[in-house]
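Asks: Sharing a model that was predicted from the sequence below.
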Amino acid sequence: MGEEELTYVTDAFKSNWIAPIGSYIDLFESKLSEVTQVNQVAVFNSGTASIHLALKLLNVQTNDIVLCQSLTFAATVNPVVYQNGTPVFIDSERETWNMCPTQLEIAINKYISIGKKPKAILLVHLYGMPAKINEIVAIATKYNIPIIEDAAEALGSKYNGNPCGSFGKYGVLSFNGNKIITTSAGGALLSNSKKDIDKAKYWASQAKDPALHYEHTELGYNYRMSNILAAIGVGQISVLEERVKRRREIFEIYKKQLSNFKGISFLEEAKGFYSNRWLTTILIGDLAITPEKLIEVLAKENIESRPLWKPMHLQPFYKEFDFIGDGVSESLFNHGLCLPSGSNLTNEEIFRVIKVIKKI
Ligand SMILES: *Cc1c(COP(=O)(O)O)cnc(C)c1O
């Protein structure tokens, strides 16, 4: 936490708005709107809930095809199944590790040719690196398929100067405990349509129609964020910029110290790409050591590192669904590693990690 969160939480307590409504919710939403440059923002109790409501706004229902980036955390895709939709997984490209435009277009044509035009494209900016947005938006426009942008890991990232989360029909953020800023749990839905955001808020608040006895014409959810957590969020927004700065510094330290090793490569930013460097990730190839082995050696020194997200098309739960690709995400998974990247790591701690890696 930064310095202001406790002040705001205390203020929320004093106001006695310990509820999923209150002034901090409104304030957090307006601050997020400023940061993301998207007109309308609704905060919910998770990023997952926000993706679910985005799919509902696009009217994704039973057997509708949703084209999903395969290399991601399961929370991106699970809401497609909540709606009884059918995810079709799209491989990554190597420059950003995100959805490959070529594979995306192959998938669109495949499904159009069998009369099942995809209902949505679910794009992710993984580890904070923006996807190839220009190419993907061009394809989405050509075939008139809306984009949901999962920017859960990419708050503070930019593409050609514009914030991640502001390119799709809907954008999604997460404030889960592991994200660059957190409310312990929480998420947000972004859109330039007030009508859509109002509808999402209505669904998220048990779909109560205006009647004293609560009339329900639609299925509701309990997805709103607590005013207390929104107070934490208001405090966290003010540290976002310095967090991004620090995460980028951490990346630069690792890169400077480790890029001399021929077998280690870093995910570089191409022109126009600006990553929040949520996590510093490396690929290991041509070395007599695997990521698993490195994770084990680091763990012995009490240092936690992790593999990359296991692609969804390789997950047991999702194995029956279609995958369009040529093995890039699987190869990234087999060679990749997430290094300790928390904003509060000291330089001494980072150099301790580097020393262990250099030694092995
Ligand atoms: C964290 C995360 C989510 C889900 O957010 P929650 O707030 O934890 O529900 C979705 N997609 C990606 C890529 C994430 O990393």
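Replies: Alright, I've got the coordinates. Owing to the predicted nature of the structure, the values given are computational and were not obtained by experimental measurement. Numbers count the residues shown, from 1 in each chain.
Asks: can we go C-alpha only for contacts and neighbour counts from here?
Replies: Fine.
Asks: so what does the helix or strand encompassing Glu348 touch, helix or strand wise?
Replies: Glu348 belongs to helix 347-359 when assigned by DSSP states H and E. When contacts are defined as 3 or more C-alpha pairs under 8 Å, 6 or more residues apart in numbering; DSSP states H and E, helix 347-359 packs onto helix 240-258, helix 291-300.
Asks: following the first one, which helix or strand shows up next?
Replies: Moving toward the C-terminus from helix 240-258, the first helix or strand encountered (DSSP H and E) is strand 264-266.
Asks: quick one: strands adjacent to that next one?
Replies: strand 280-284 (antiparallel) (DSSP bridges).
Asks: the helices in the chain, which residues?
Replies: Secondary structure of the chain (DSSP state H): helices located at 5-15, 23-36, 47-57, 78-82, 101-113, 133-143, 194-204, 227-237, 240-258, 291-300, 328-335, 347-359.
Asks: okay, which residue is most central for this structure?
Replies: Ala152 (2.4 Å; C-alpha atoms, centre = their mean).
Asks: Isn't it up against Ser174?
Replies: Yes. Using C-alpha atoms under 8 Å, Ala152 is in contact with Ser174, at 4.5 Å.
Asks: Report the set of residues contacting both of those two.
Replies: Counting by C-alpha atoms under 8 Å, 6 or more residues apart in numbering, the common neighbours of Ala152 and Ser174 are 47, 187.
Asks: that older thread, quick one, which of the helices of the chain is nearest to Pro311?
Replies: Set against Pro311 and scored by C-alpha to C-alpha, the helices of the chain come closest in helix 328-335, at 6.4 Å.
Asks: what's the closest one packed up against?
Replies: By 3+ C-alpha pairs under 8 Å, 6+ apart, helix 328-335 packs against strand 280-284.
Asks: follow-up on the earlier one: residue contacts, the residue nearest to the centre of the chain?
Replies: Taking C-alpha under 8 Å, 6+ apart, one finds 47, 125, 172-175, 179, 187 in contact with Ala152.
Asks: cool, and Glu269?
Replies: With C-alpha under 8 Å, 6+ apart, Glu269 has these contacts: 96, 129, 275.
Asks: Please check the residues you listed and keep the buried ones.
Replies: Among these, those classed as buried by neighbour count (16 or more other C-alpha atoms under 10 Å) are 96, 129, 275.
Asks: Just send those back as CSV, with pLDDT and distance to Val137 too.
Replies: Shown next, in CSV, are the buried ones among the contacts of Glu269 (pLDDT from 0 to 100; distance: C-alpha to C-alpha, whole Å):
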residue, pLDDT, distance to Val137
Thr96, 98, 16
Met129, 98, 16
Ser275, 98, 19
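Asks: Next, format those as CSV and append distance to the ligand.
Replies: Formatted as CSV, the buried ones among the contacts of Glu269 follow (distance: C-alpha to the nearest ligand atom, whole Å):
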residue, distance to the ligand
Thr96, 14
Met129, 11
Ser275, 14
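Asks: for the residues you listed, which one is nearest Ala138?
Replies: Nearest to Ala138 among those, with distances taken as C-alpha to C-alpha, is Thr96, at 17.3 Å.
Asks: hang on, the earlier thing: closest one to Leu53 out of the buried ones among the contacts of Glu269, please.
Replies: Met129 (24.2 Å).
Asks: That closest one touches Thr96, doesn't it?
Replies: Yes. Between Met129 and Thr96 there is a contact at 6.2 Å, judged by C-alpha under 8 Å.
Asks: Model confidence for the closest residue in space to Asn192 that isn't next to it in sequence, exactly?
Replies: Once flanking residues are discounted, Asn192 sits nearest to Asn39: 5.0 Å by C-alpha to C-alpha, 6 or more residues apart in numbering. On pLDDT, Asn39 comes in at 97.
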